[in-house]
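Asks: prediction below, plus the sequence it came from.
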Amino acid sequence: MSQAQPSENTAAEVSERSPSPSQSVPQVRFDDSKVTATYANFCRVTGTPEELIIDFGLNPQPVGFPTVPIVVTDRIVTNFYTAKRMLYALQTTIQRHEQTFGVLEIDVQKRVKVVNS
């Protein structure tokens, strides 16, 4: 998925080894002039022995079992090395977010507050 605004470097964009003080860190430049932003609340991951396929879409009924087909709008096909770097970057980013804002509960049933009548 793309973002419409440039973001700070993630762990996937930074070298795995820290440079010594005498080494300079190369700056990665980005051209985001052709980026499009897409919102997704659905993700499906499939793959082959060589590639990982990640489909994104919009589920119009995010609670319960969908009664209409989910339209897949974006597909990322990547290798497992890039996927592992992306996993590390996402884990790091989510850990930072949870340290600042609290744990993200992904079980909807645990997030729902029951109101007694």
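Replies: On my side now, so go ahead.
Asks: CA atoms only: put stretch 42-59 into CSV for me.
Replies: Extracted in CSV, the C-alpha atoms of stretch 42-59 (Å, rounded to 0.1, in the frame of the first residue of the first chain):
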residue,chain,number,x,y,z
PHE,A,42,-9.0,-6.5,4.1
CYS,A,43,-5.8,-8.4,3.3
ARG,A,44,-5.3,-11.8,1.8
VAL,A,45,-1.8,-13.4,1.7
THR,A,46,-1.0,-16.3,-0.7
GLY,A,47,2.1,-17.3,-2.5
THR,A,48,4.4,-19.7,-4.3
PRO,A,49,7.7,-21.1,-3.2
GLU,A,50,9.4,-18.0,-4.8
GLU,A,51,6.9,-15.2,-4.3
LEU,A,52,4.5,-13.7,-1.8
ILE,A,53,1.2,-12.3,-3.1
ILE,A,54,-0.6,-9.8,-0.9
ASP,A,55,-4.1,-8.7,-2.0
PHE,A,56,-5.8,-5.6,-0.5
GLY,A,57,-9.4,-4.6,-0.7
LEU,A,58,-12.3,-3.0,1.0
ASN,A,59,-14.7,-5.1,3.0
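Asks: how is the residue nearest the centre of the chain assigned, secondary-structure-wise?
Replies: With distances taken as C-alpha atoms, centre = their mean, Leu90 lies nearest the centre of the chain, 5.8 Å away. Secondary structure, DSSP: H, G, I helix; E, B strand; the rest coil: Leu90 is helix.
Asks: Val63 now?
Replies: Applying three-state DSSP: Val63 is coil.
Asks: re the thing from before, where's the residue nearest to the centre of the chain relative to Lys113, distance?
Replies: To Lys113, Leu90 is 28 Å away according to C-beta to C-beta, to the nearest Å. No exception for glycine: its C-beta is placed from N, CA and C like everyone else's.
Asks: remind me which residues of the chain are low pLDDT?
Replies: 1-22, 114-117 (pLDDT under 70).
Asks: now the strands for the protein?
Replies: Secondary structure of the chain by DSSP state E: the strands cover 42-47, 51-58, 71-79.
Asks: in TSV: those, plus distance to Asp32 and mean neighbour count.
Replies: Shown next, in TSV, are the strands of the chain (distance: least, C-beta to C-beta, whole Å; neighbours: other C-beta atoms under 10 Å):
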stretch	distance to Asp32	mean neighbour count
strand 42-47	22	12
strand 51-58	18	16
strand 71-79	16	13
